[in-house]
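Undergrad: Fold the following.
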Amino acid sequence: MEKPDTNASKDQDHCQLSEKYKQIYLPLTYSLIFILGLPLNGIVLWLCWRQTKPWSGATIYLVNLVVTDLLYVLTLPFLLVTYVLGDSWPFGELSCRLVRFLFYTNLYGGILLLACISVDRFLGVCHPLRSLPYRTRWHAQLGATTTWALVLLQLLPTLAFSHTDYINGKVICYDMTSPGKFDQYYAYSMVVMLSGFVFPSLVILTCHFLMIRSLTKPQETLTRTGKVARAKSIRTILLVCGLFVISFLPFHITRSFYLMVHFLSSQDCQLLTAASIAHKIWRPLVSMNSCLNPILYFLSGVNNGVRLLKKLRQNKVDEHPAGAPGRLPRALEIWVLPR
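TA: As a prediction, this is how the structure comes out:
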């Protein structure tokens with residue numbers, strides 16, 4: 001929920017910024033995320049639960065990623081009802097703080113878990129033997145627990161910044177914070193962006209770059225099939241990087257621009273309008289990762305998940321001998337299996 005952004009309400013009153021578009025755009029995007037995200041993440045969680053335990057390290061990271069997505073998706077009905085009521089928040093103070101908190105928990109928890117998955121994949125591809133003592137279930141559990149601890153620690157202040165207020169005859173839920181706390185919120189947001197997005201992004205992109213460099217090294221003994229599989233693995237890695245950048249970078253750029261414009265109390269109406277629209281357009285789009293994560297990382301990033309899909313098609317697979325068309329694609333095996 002974006003309104004009210006009363007951090008610079010005087011600027012908006014002066015410029016008469018129109019936000020009617022969001023009454024259609026935001027409900028549509030949030031409805032789409034809910035309709036897709038709930039069943040997709042639910043199916044992945046169910047399949048992981050059904051598989052033979054103990055879980056692998058990759059599955060542990062995936063389950064935690066799915067949990068963050070589900071927690072956020074379950075808050076979307078609150079926002080949809082609020083838009084139907086014309087930005088009025090009828091759910092009380094506690095739910096207001098919790099919905100805001102869970103949005104950022106999904107956002108930064110998801111990024112940190114993707115960083116953990118990237119490091120795990122990098123070690124498996126580039127250091128398959130030396131990394132065996134470190135790519136264990138215990139280390140994965142430690143990594144996931146540490147991720148949750150870091151995310152909760154850095155996001156606790158959002159519970160204080162977000163709250164309800166009574167404005168223009170109705171109760172509203174601040175998306176960021178009230179005008180009196182905006183300077184503190186601006187400084188806090190910049191720190192969270194660095195620790196929760198910039199640093200993990202560097203880790204993710206570096207790991208994927210090193211994996212591509214390892215896979216592109218000349219290998220004279222590599223067969224034609226192996227070369228094709230390696231090329232497909234490289235394309236998968238590039239897809240992961242591309243989707244990550246598209247999902248998260250525009251949001252953080254537009255959000256930083258939006259916060260900076262209001263922090264500087266700009267009186268430029270065109271600038272205020274551009275900052276407001278850009279932020280409100282990208283805010284729900286960043287949540288689309290809740291739908292992309294189960295598809296991308298279930299199909300191309302977790303070995304046990306791929307094996308589960310193979311098991312569901314067991315009748316068809318049994319009809320083909322090893323290496324025949326019914327076999328699990330070797331490209332996926334190269335990308336997901338420890339080596």
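
Undergrad: can you confirm residue 90 is in a strand?
TA: No. Secondary structure of residue 90, determined by DSSP: H, G, I helix; E, B strand; the rest coil: coil, with no strand assignment.

Undergrad: For it, which residues are in contact?
TA: Under the criterion of CB atoms under 8 Å, 6 or more residues apart in numbering, the contact list for residue 90 reads 81-82, 171. In this view, the C-beta of every residue, glycine as well, is placed from N, C-alpha and C.

Undergrad: Any quick PyMOL command for the buried ones out of the residues you listed?
TA: Typed into PyMOL, the line below selects the buried ones among the contacts of residue 90, using 16 or more other CB atoms under 10 Å:
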select buried, resi 82+171
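
Undergrad: Which of the contacts of residue 90 fall within strands?
TA: residue 171 (DSSP state E).

Undergrad: ok, so of the contacts of residue 90, who is nearest residue 191?
TA: Proximity of those to residue 191, judged by CB to CB, is greatest for residue 82, which lies at 28.6 Å.

Undergrad: Do you know the pLDDT at that closest one?
TA: At residue 82 the predicted local confidence, pLDDT, stands at 89.

Undergrad: I figured it hits residue 89, correct?
TA: Yes. Using CB atoms under 8 Å, residue 82 and residue 89 qualify as a contacting pair, with a distance of 5.6 Å.

Undergrad: Once you drop chain neighbours, what's closest to residue 292?
TA: In this structure, residue 292 finds its nearest non-sequential neighbour in residue 243, 6.0 Å apart by CB to CB, 6 or more residues apart in numbering.

Undergrad: distance of that neighbour from residue 199?
TA: If you measure residue 243 against residue 199 using CB to CB, to the nearest Å, the figure is 20 Å.

Undergrad: what's the answer for residue 122, then?
TA: Noted for residue 122: a distance of 16 Å to residue 199, by CB to CB.

Undergrad: higher neighbour count, these two?
TA: In this view residue 122 and residue 199 are compared by other CB atoms under 10 Å, and residue 122 has more residues nearby, 20 against 14.

Undergrad: Contact partners for that one?
TA: Residue 122 makes contacts with 207-208, 210-211, as judged by CB under 8 Å, 6+ apart.

Undergrad: ok, now with 6 Å
TA: Contact analysis of residue 122 by CB atoms under 6 Å, 6 or more residues apart in numbering lists 207, 210-211.

Undergrad: Next, format those as CSV and append secondary structure, distance to residue 289 and pLDDT.
TA: Below are those laid out as CSV (DSSP: H, G, I helix; E, B strand; the rest coil; distance: CB to CB, whole Å; pLDDT from 0 to 100):
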residue, secondary structure, distance to residue 289, pLDDT
207, helix, 18, 92
210, helix, 23, 91
211, helix, 21, 89
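
Undergrad: Kindly indicate which of the residues you listed lies nearest residue 284.
TA: For residue 284, the nearest member of those is residue 207. The distance, counting by CB to CB, is 28.3 Å.

Undergrad: Surely the closest one is in contact with residue 118?
TA: Yes. Under the contact definition of CB atoms under 6 Å, residue 207 touches residue 118, with a separation of 4.1 Å.

Undergrad: quick one: which of these two has more around it?
TA: Neighbours were counted for residue 207 and for residue 118 using other CB under 10 Å; residue 118 has more, 25 against 22.

Undergrad: Do you know the pLDDT at that one?
TA: We note a pLDDT of 90 for residue 118 in this prediction.

Undergrad: Report the buried residues of the host helix or strand of it.
TA: If you go by DSSP states H and E, residue 118 is part of helix 93-126. Neighbour counts using 16+ other CB under 10 Å place 96-126 of helix 93-126 among the buried residues.

Undergrad: roughly how far is that helix from the heart of the chain?
TA: Its chain's average C-alpha position is 6 Å from that of helix 93-126, according to CA atoms, centre = their mean, to the nearest Å.

Undergrad: if we can go back for a sec, distance to residue 161 for the contacts of residue 90 - can I get that in JSON lines?
TA: As requested, the contacts of residue 90 are arranged in JSON lines below (distance: CB to CB, whole Å):
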{"residue": "81", "distance to residue 161": "23"}
{"residue": "82", "distance to residue 161": "18"}
{"residue": "171", "distance to residue 161": "17"}
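
Undergrad: between the longest helix seen in the chain and helix 93-126, how many degrees?
TA: Among all segments of the chain classified by DSSP state H, the helix with the greatest residue count is helix 224-263. For the pair helix 224-263 and helix 93-126, the angle between their directions (axes from the mean of the first three to the mean of the last three CA atoms, to 10 degrees) equals 150 degrees.

Undergrad: Can you mark which positions in helix 224-263 are buried?
TA: 229-230, 232-234, 236-237, 240-241, 243-244, 247-248, 251-252, 254-256, 258-259, 261-263.
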